[in-house]
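*Asks:* got a structure for you, letters missing:
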């Protein structure tokens, strides 16, 4: 099959609006997939997500995200990667939360630094302190070291 570098843009747009993937369009129009992808990007056309012949469930993903689920949790539920979920939500104009969550919080609470320091002064090591407080030993060690208690 020979691939041409020019193509019928009207036909390509119609195929894309039907939900056809770039690779299927490439076969149908005898145009390289990279040419079609660049054409879509230049025209800022909305991306249509298809996976295994189905369209990305945007409204369901949006509701799950706004309910507080993480991108990873949504991806597992919908069988997409968290990066794909992020890409489609962003393209739909959903306001995204910062990545990684709060840095010094655990289970919605502030790290009990005073308690950790007290336990360290009693002679416990970071792993033991973490087990009592519900944190990893590495996490406890890093926090105690930051305040000079380790």
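*Replies:* Perfect, thanks for sending it. Owing to the predicted nature of the structure, the values given are computational and were not obtained by experimental measurement.

*Asks:* sketch out the low-pLDDT regions of this structure for me.
*Replies:* For the chain, residues meeting the criterion pLDDT under 70 lie at 1-6, 19, 45-54, 100-109.

*Asks:* and the strands in it, which stretches?
*Replies:* In the chain, the segments counted as strands under DSSP state E are 50-51, 54-55, 105-106, 109-110.

*Asks:* quick check: domain ranges of this structure?
*Replies:* 1-48, 49-98, 105-146 (automatic domain parsing).

*Asks:* all helices of this protein, in order?
*Replies:* With DSSP state H as the definition, the chain shows helices at residue ranges 9-17, 22-29, 33-42, 58-66, 71-78, 82-91, 113-121, 126-133, 137-146.

*Asks:* not counting its own residues, what contacts the fourth one?
*Replies:* Read that as helix 58-66. The contact list for helix 58-66 (Cβ atoms under 8 Å, 6 or more residues apart in numbering) reads 71, 73, 74, 77, 78, 85, 88, 89, 92, 94. Every residue, glycine included, has its C-beta placed from N, CA and C.

*Asks:* got it, and the third one?
*Replies:* Contacts to helix 33-42, defined as Cβ under 8 Å, 6+ apart, come from residues 5, 7, 9, 12, 16, 22, 23, 25, 26, 29, 47.

*Asks:* ok, now with 6 Å
*Replies:* Helix 33-42 is contacted by residues 22, 23, 25, 26 when judged by Cβ atoms under 6 Å, 6 or more residues apart in numbering.
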